[in-house]
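Q: sequence first, then the predicted structure, then my questions.
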Amino acid sequence: MRRILPWMSGVLLLAAPAIITSQTNGNAVATQNADQARAALNAMVQALGGQAWLDMKNSERDGHVAAFFHGNPDLGTESFFDYHQWPDHDRIEFTKHKDDVLFYIGNQGWEVTYRGKKALPSKDLNEFLRDRAHSIETAVKVWMKDPRTILIYEGPRMVERHLGIQVSLVAANNDALTIVMDNDTHLPLRREYQYRDPVYHDLDTETEEYDDYHTVDGFPTAFTLTRIKNGETTQQLYLVRVRYNQDLPANFWDADAAARKIKR
């Protein structure tokens, strides 16, 4: 044994430089890949409007939503008016009379109708908060700013008939979000994330695709959004009007004020 140990020590000493070189090369490749991913995401931000997009005060989207069941569309559509103010204020009004209103403020949610104000079911609230936490805006303003987030450049992908570039972001808690942006315009084509179903504990995949871009107030905006769960279309949103940086009433985010306003 004493004769073998010196020989093995020599082998380890000879192998050490090769191991260190391999690790160094691997780190360099990972750094280069992360730089590619960050460059692609920065190009997407610039395409969306750059600093003006980052500083946006609020947005309003008016349109129609069509529901799907097992990939097949239900009859008819419903009007909606969607308002968002970064980071955690959302208000969605339904019907042309705007008498069914959902509020998502911070981590709380309410529905306001002519019957008054009531807390949203936890399932509905959690679904919305989870989706907001995986939005492209959150990815850029939160995930990318966290030095612990891992950025991965994954190369070309096709979304419908568009050639895109795919990038994934992996947060410190191993939560992940994938974004595909157009190869030419750098505008988002798709975002996707996965989560464990709280009841059945299987892995679900939520996807949102963006199409039919128009420039509004200097901001390229997708006027058709398709939501997909586990490969099946669940909703399509068709926008008819979009506005940015509006002066909203002082009590606009007050659910109690909305409840008083809606006629009983």
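A: Arrived safely. Just so it is clear, the structure is predicted and the values come from calculations on it, not from any experiment.
Q: point out where the stretch 51-200 of the chain drops to low pLDDT.
A: 75 (pLDDT under 70).
Q: show me what contacts Ala67?
A: Pro73, Asp74, Glu78, Thr234, Gln235 (Cβ atoms under 8 Å, 6 or more residues apart in numbering). (C-beta placed from N, C-alpha, C; glycine too.)
Q: now the strands for this protein?
A: 59-69, 72-73, 78-85, 89-94, 100-105, 108-113, 116-119, 150-159, 162-170, 176-182, 188-196, 203-216, 219-229, 232-244 (DSSP state E).
Q: which of the ones you listed sits most buried?
A: strand 176-182 (a mean of 22; mean count of other Cβ atoms under 10 Å).
Q: partners of that strand, with directions?
A: Take DSSP bridges as the rule and strand 176-182 pairs in its sheet with strand 162-170 (antiparallel), strand 188-196 (antiparallel).
Q: for Thr207, what are its contacts?
A: Counting by Cβ under 8 Å, 6+ apart, Thr207 has contacts Arg190, Arg191, Glu192, Arg227, Ile228, Lys229.
Q: bridged to the last one, which residues?
A: Put plainly, it is Lys229. With DSSP bridges as the rule, Lys229 is bridged to Glu206, Glu232.
Q: measure the closest residue in space to Pro73 that isn't next to it in sequence to Ala39 for me?
A: Distance criterion Cβ to Cβ, 6 or more residues apart in numbering; nearest residue to Pro73, sequence neighbours excluded, is Ala66 at 5.5 Å. According to Cβ to Cβ, to the nearest Å, Ala66 stands 37 Å off from Ala39.
Q: what does stretch 110-119 rub up against?
A: Contacts for stretch 110-119 (Cβ under 8 Å, 6+ apart): 99-103, 108-109, 120, 255-256, 258-259, 262-264.
Q: sorry, back to before: to Thr138, which of the strands of the chain lies closest?
A: strand 176-182 (8.4 Å; Cβ to Cβ).
Q: partners of Gly164 in the sheet?
A: Arg157, Asp182.
Q: that one and Arg191 touch, don't they?
A: No - checked against Cβ atoms under 8 Å, the pair Gly164 and Arg191 is beyond contact range at 11.4 Å.
Q: what do these two both touch?
A: Val180.
Q: Gly106 - how many residues pack around it?
A: As a burial measure, Gly106 scores 9 neighbours (other Cβ atoms under 10 Å).
Q: typo on my end, Glu127
A: Around Glu127 there are 15 residues (other Cβ under 10 Å).
Q: begin at 160, not 1, for the rest of this chat.
A: In the new numbering, first residue 160, that becomes Glu286.
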